[in-house]
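Q: Got a sequence here, can you build the structure:
(one chain, ligands or ions: 2)
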Amino acid sequence: MSSKLYLSFFIIVMIGCIVSVSSHKTVHIVGDNLGWILPKYTGFYNDWAKNKKFCVGDKLLFNYKPGLNTVVQVEKEDYDHCSMKKTLAQYFMGNTTLTLSNCGDYYFICSVGKHCEASQKLKITVT
Ligand SMILES: *[C@@H]1O[C@H](CO)[C@@H](O)[C@H](O)[C@H]1NC(C)=O
Ligand SMILES: [Cu+2]
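A: Ligands and ions are numbered 1, 2, ... in the order given. Okay, here's the model as predicted:
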């Protein structure tokens, strides 16, 4: 009887741990200290994202100055071609925080000048 009680207590503690770990939300600062800028080299933002794990509920923080850069969420085709045939969302007021609410791929580009062609673009996969 008491070992059963002990077991159910143990199970409740385990569930509590799992819930608190999985509800831990991370704010990912895109480009870390450099922020969301015209990158120094091709593939900079892919490198930034490479070893990170993006989970549902995490946030992305794009640090940029309004007027100098924008954040445009697009689909894969526009990401690949730096076009804006079908934009999902656009932000231009500076320092944009986005919540990653769904699993799947997210694509972002900057719409200023030739910034996207110069690799100011970001693809992440949310799991
Ligand atoms: C945007 O974020 C940067 C970096 O954290 C900060 O220095 C700047 O003051 C912020 N700008 C605004 C308008 O909040
Ligand atoms: Cu830009």
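Q: Can you tell me the element Asp105 falls in?
A: strand 104-109 (DSSP states H and E).
Q: what's the spacing between stretch 55-73 and its chain's center?
A: With C-alpha atoms, centre = their mean, to the nearest Å as the basis, stretch 55-73 stands 8 Å off its chain's centre.
Q: again, but for stretch 80-93
A: Taking C-alpha atoms, centre = their mean, one finds stretch 80-93 lying 16 Å from the centre of the chain it belongs to.
Q: check contacts around the closest residue to ligand 1 within the chain.
A: Across the chain, no residue is closer to ligand 1 than Asn95, which sits at 3.9 Å (C-beta to the nearest ligand atom). For glycine as for every other residue, the C-beta is placed from the backbone atoms N, C-alpha and C. By C-beta atoms under 8 Å, 6 or more residues apart in numbering, Asn95 lies in contact with 61-64.
Q: next SSE after the lowest-mean-pLDDT helix or strand in the chain?
A: In the chain, no helix or strand scores lower on mean pLDDT, DSSP states H and E than helix 2-22, which sits at a mean of 49. Counting by DSSP H and E, the next helix or strand C-terminal to helix 2-22 is strand 27-29.
Q: and the next helix or strand after that following strand with ligand 2, contact?
A: Sequence order places helix 44-50 as the next helix or strand after strand 27-29, per DSSP H and E. No. Helix 44-50 lies apart from ligand 2 when judged by C-beta under 5 Å from the ion; the minimum separation is 11.1 Å.
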